[in-house]
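Colleague: coords below, sequence missing:
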């Protein structure tokens with residue numbers, strides 16, 4: 001499920017799934033480059049995806065967090081100050097041009 005909300009001048013985008021989940025002790029570790037929680041024969045990946053997401057979000061003045069219960073769900077929450085989003089869109093004059101420059 002994907003949702004978007006505005007709370008206290010903060011834009012919050014949430015992504016939630018009902019996958020394998022993540023143990024509590026690994027919730028911060030998953031944002032470190034090349035960190036994998038499973039062997040490559042169990043799940044594919046390089047351990048770069050979430051680290052790159054975090055860098056992109058932080059470069060644009062936001063933050064990313066995660067909540068999870070193993071075997072139930074994982075939810076990622078990306079927060080941006082509303083003023084930063086407004087500034088980027090008005091600067092670029094194109095709402096679809098939200099690039100990493």
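Modeller: Nice, thanks for sending it over. Remember, predicted model here, so these are calculated numbers, not experimental data.
Colleague: can you give me the strands for the chain?
Modeller: 2-7, 10-17, 63-69, 73-81 (DSSP state E).
Colleague: Save those as JSON lines, and put in distance to residue 34, mean neighbour count and mean pLDDT too.
Modeller: Using the backbone N, CA and C atoms, a C-beta is placed for each residue, glycine as well. Shown next, in JSON lines, are these (distance: least, Cβ to Cβ, whole Å; neighbours: other Cβ atoms under 10 Å; pLDDT from 0 to 100):
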{"stretch": "strand 2-7", "distance to residue 34": "27", "mean neighbour count": "9", "mean pLDDT": "91"}
{"stretch": "strand 10-17", "distance to residue 34": "22", "mean neighbour count": "15", "mean pLDDT": "94"}
{"stretch": "strand 63-69", "distance to residue 34": "18", "mean neighbour count": "15", "mean pLDDT": "96"}
{"stretch": "strand 73-81", "distance to residue 34": "19", "mean neighbour count": "17", "mean pLDDT": "95"}
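Colleague: Out of the ones you listed, which is closest to residue 29?
Modeller: Closest to residue 29 of the strands of the chain, according to Cβ to Cβ: strand 63-69, at 10.6 Å.
Colleague: which residues touch the closest one?
Modeller: The contact list for strand 63-69, computed with Cβ atoms under 8 Å, 6 or more residues apart in numbering, reads 21-24, 27, 30-31, 53-54, 57-58, 74-79.
Colleague: just stretch 23-39 next, same as before
Modeller: 22, 45-48, 50-51, 53-54, 64, 66-68, 70.
Colleague: which of those residues has the weakest pLDDT?
Modeller: In terms of pLDDT, the lowest of those is residue 45, showing 74.
Colleague: Next, find the distance separating residue 68 from residue 81.
Modeller: Residue 68 sits 25 Å away from residue 81, going by Cβ to Cβ, to the nearest Å.
Colleague: do residue 67 as well
Modeller: With distances taken as Cβ to Cβ, residue 67 is found 21 Å from residue 81.
Colleague: related to what we said a few turns ago, would you convert the strands of the chain into CSV that also reports distance to residue 40?
Modeller: Output for the strands of the chain, formatted as CSV (distance: least, Cβ to Cβ, whole Å):
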stretch, distance to residue 40
strand 2-7, 28
strand 10-17, 21
strand 63-69, 21
strand 73-81, 20
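Colleague: Nice, that's everything, thank you.
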